[in-house]
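Student: Predicted model, plus sequence, below.
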Amino acid sequence: MRRWGTLIWLSYKEQYATFNLISFMVYKIVQPMIQVIFFVLLISKNGDSNIKSVVLTNIILAAVVNAAVYSGVILSNERVQGTLKLIVASRNDTFKIVFLRSLAGIIDAIIMVIVPIILAKFVLHIDINSIDIIAVVITVFLGMLAAIPLSLLIGSMSLITTDLNLFINLFIFVINFFSGALFSSQKLPYLWQVISNFIPLHNSIQFAMAIFNERQPHINWQLVIFSGREISISIVLIIVNVVIYKKFERTAQKGGTLELY
C-alpha cells in the first residue's frame, strides 16, 4: 500500500515538474477563478436562480475532465521520454502501473474543485455555507472512478499510434455534452437521454445536483441509483480496459510500434 501511495504521489509531482511557483499558482488559482467567473456571468445572463448548483456542478465537470485527460496521455508521455518500451518489457503488470499513476488525477481534481469553491465564496460572495464538502469529494471520486477508465481506454491506443489528439478531444466533447452540467440532459432527444445514463460522469453530476438542490442534504434512493450506476459503469470500463490494453500491447510488441516517435 505504501508503494502504491508513493507511485501515485510521484505521478502527481511529475505533472508539474516543469512548473515554477508563478505558473503553478496561475494554473491552480487564476484559471479556476476565470472558469467560475465565466459560469457566474453566463448563468446570471440567462436568469437562472439556482446559481450555486450550476456553478458547482460545472466546477466539478471541469476539474474531473482536466484531471482525467492526464490519464489518457500517460503512455504517450512515456513514449516521448523513451521509457514506454522499458515499462512494457518489465515484469510488473504495465496496466496496473498506469492505472495507479492515473489515480493521481483524483488529487488534482479535488484541489481543482476546492480552490474554486473557496474563491467563489470570498471573491464572488456566493453562499456556499450549506455545501457538504464530503458530498463534493464523493462526487469527484465517483466522477474520476468512471472517467479515468474511459480515458485510459483511449490512452491504450498510445501503444499502436503516436497521435491521440482526435480521441482526447472526442473524449472531452462526449463527457461535456452528455454530463448534464452545461445544460439539462432532459433537453436531449429521448434516445440520447437513455445513452447519457451510460456515459461516465453523467450520473456523478446528477448525484451532485440532487445533493446541492436539497436544503438538507441526505441520502435517498435517487442518490443510491446514481452512485450505483456510476460504480457499475466504472467496473465494466475497467474490465473492457484490461482486455483491450492486453490486445494493444501484444499488437505493439509484434508490430514494433513501441519504437515509434
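Tutor: Received the coordinates, thanks. These figures come from a predicted structure and were not determined experimentally. Numbers count the residues shown, from 1 in each chain.

Student: Can you mark which positions in the helix or strand harbouring residue 234 are buried?
Tutor: Using DSSP states H and E, residue 234 falls within helix 221-255. Neighbour-count burial for helix 221-255, counted by 16 or more other CB atoms under 10 Å, picks out 223, 226-227, 229-230, 233-234, 237-238, 241-242, 245, 248-249, 252. In this view, the C-beta of every residue, glycine as well, is placed from N, C-alpha and C.

Student: from these, which is closest to residue 67?
Tutor: Proximity of those to residue 67 (CB to CB) peaks at residue 234, which lies at 15.2 Å.

Student: sec struct for the closest residue to residue 16 other than its chain neighbours, please.
Tutor: In this structure, residue 16 finds its nearest non-sequential neighbour in residue 24, 5.9 Å apart by CB to CB, 6 or more residues apart in numbering. Here residue 24 is recorded as helix under DSSP: H, G, I helix; E, B strand; the rest coil.

Student: Next, count neighbours for residue 24.
Tutor: For residue 24, the neighbour count with other CB atoms under 10 Å is 11.

Student: so how far is residue 108 from it?
Tutor: 12 Å (CB to CB, to the nearest Å).

Student: re earlier: just checking, the residue nearest to residue 16 touches residue 13?
Tutor: No: applying CB atoms under 8 Å as the test, residue 24 and residue 13 come out as separate, 11.3 Å apart.

Student: Please, which helix or strand holds the closest residue to residue 109 other than its chain neighbours?
Tutor: Using CB to CB, 6+ apart and skipping the chain neighbours, the partner closest in space to residue 109 is residue 67 (4.0 Å). In this structure, residue 67 sits in helix 51-72 according to DSSP H and E.
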